[in-house]
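Undergrad: Provided below for reference: sequence and predicted model.
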Amino acid sequence: MQDILIRVRTCGLHTPALQFGVRLAAQLGAAVTAVYACPEPRYVAPAFHPEVMAALLQNTDELLREGVAARQAFLEWAARLKVAAADWLVARGPVAASLAEAAARHDLLILDHAESDRDTAGDLPGLVLRVRRPCIVVPLQGGQFEKFQRVAIAWNGSPEAMRAVHAALPLLGDAKVLLLRGEERPGRGPVDWHPPFEIGQYLRGLGLDVTQHAIEAKPDAAGAALLEEAMRFGAQLLVMGAYGRHRFSEWALGGATGDVLALARIPVLMRH
């Protein structure tokens, strides 16, 4: 985790993602880049009347000027928090495309919920699936980062789950781990391993203190069950794979993944 990217929704320094991500970077000795993405109106309202479009473009110009002006305050704040290196970028264009392009140069993306996104998760599912990088989604009231002492990991044997576990390793340190084991998905490839891979043994081999708990909930209740057990354990982070479904030419998170994203009150690390 050498380079952390943070989506900034406003020009202030108090969004949950920014508060969490900068403090995480300081702990890890990582560089941090904040991205303020401002979509141009033509990407969201191509059929508007010319006068309306002109007003929207003027508003976009003002937001861009505010974004550029906020850079120095962010750099000074990050320096006070002892971040190794910091940068502040302003993008003019679609938010998802801006973050996907920037994420290709970073190890981790930090996202959060907007006030109006709280119930539906808004644009978060598409971002998590598109950026192809580990993402930590911070809850609306969860911007205060503390060293992870207890971490829950959702495991179903899938490649997505393994990628999420691997991405989380630099964050685990000496944390106690609760392995939440659901029904394992059958192998997708032609390889049959003898002996089969055992995630608990793998994590203990890395020196982690691991306990296990079986999740036996039905698929439509699995997300709530994961969160319930994670909170009972006192987890400060939930790690899980991100699973998508394609519908009407748009990506959305399916099943337990979408439920966790919408309902979690702790940060969630996801990897598609």
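TA: Looks like it arrived, so ask away. Numbering: from 1, shown residues only.
Undergrad: contacts, neighbours, all on C-alpha from now
TA: Noted.
Undergrad: low-confidence ranges in the chain?
TA: 39-49, 51-60, 115-122, 142-143, 185-189, 244-254 (pLDDT under 70).
Undergrad: For it, which segments count as helices?
TA: Ranges of helices in the chain, per DSSP state H, are 16-28, 41-44, 50-69, 71-80, 95-103, 124-130, 159-172, 199-205, 222-233, 255-263.
Undergrad: and of those, who's closest to residue 140?
TA: helix 16-28 (6.3 Å; Cα to Cα).
Undergrad: Residues contacting that closest one, please?
TA: Taking contacts as Cα atoms under 8 Å, 6 or more residues apart in numbering, the residues outside helix 16-28 that touch it are 1-2, 4-8, 13, 31-32, 34, 78, 81-84, 110-112, 137-145, 147.
Undergrad: okay, the angle between it and helix 71-80?
TA: Relative orientation of helix 16-28 versus helix 71-80 (axes from the mean of the first three to the mean of the last three Cα atoms, to 10 degrees): 40 degrees.
Undergrad: still on that earlier bit, please list the members of the contacts of helix 16-28 that lie in strands.
TA: Using DSSP state E, 4-8, 31-32, 34, 110-112, 137-138 are the members of those that sit in strands.
Undergrad: Just the buried residues of stretch 68-81, please?
TA: 70, 71, 74, 75, 78 (16 or more other Cα atoms under 10 Å).
Undergrad: Next one: residue 90 relative to residue 128, how far apart?
TA: 20 Å (Cα to Cα, to the nearest Å).
Undergrad: Between the helices of the chain, which one is closest to residue 190.
TA: helix 159-172 (14.0 Å).
Undergrad: Format the CA atom coordinates belonging to the closest one as PDB.
TA: The C-alpha trace of helix 159-172 is given here as PDB (Å, rounded to 0.1, in the frame of the first residue of the first chain):
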ATOM      1  CA  PRO A 159     -11.300 -15.600  -6.600                       C
ATOM      2  CA  GLU A 160     -12.900 -12.300  -5.700                       C
ATOM      3  CA  ALA A 161     -12.700 -13.200  -2.000                       C
ATOM      4  CA  MET A 162      -9.100 -14.300  -2.300                       C
ATOM      5  CA  ARG A 163      -8.200 -11.000  -4.100                       C
ATOM      6  CA  ALA A 164      -9.900  -9.100  -1.300                       C
ATOM      7  CA  VAL A 165      -7.900 -11.000   1.300                       C
ATOM      8  CA  HIS A 166      -4.700 -10.500  -0.500                       C
ATOM      9  CA  ALA A 167      -5.400  -6.700  -0.800                       C
ATOM     10  CA  ALA A 168      -6.100  -6.500   2.900                       C
ATOM     11  CA  LEU A 169      -2.900  -8.100   4.100                       C
ATOM     12  CA  PRO A 170      -0.900  -4.900   4.400                       C
ATOM     13  CA  LEU A 171      -3.700  -3.500   6.700                       C
ATOM     14  CA  LEU A 172      -4.000  -6.400   9.100                       C
END
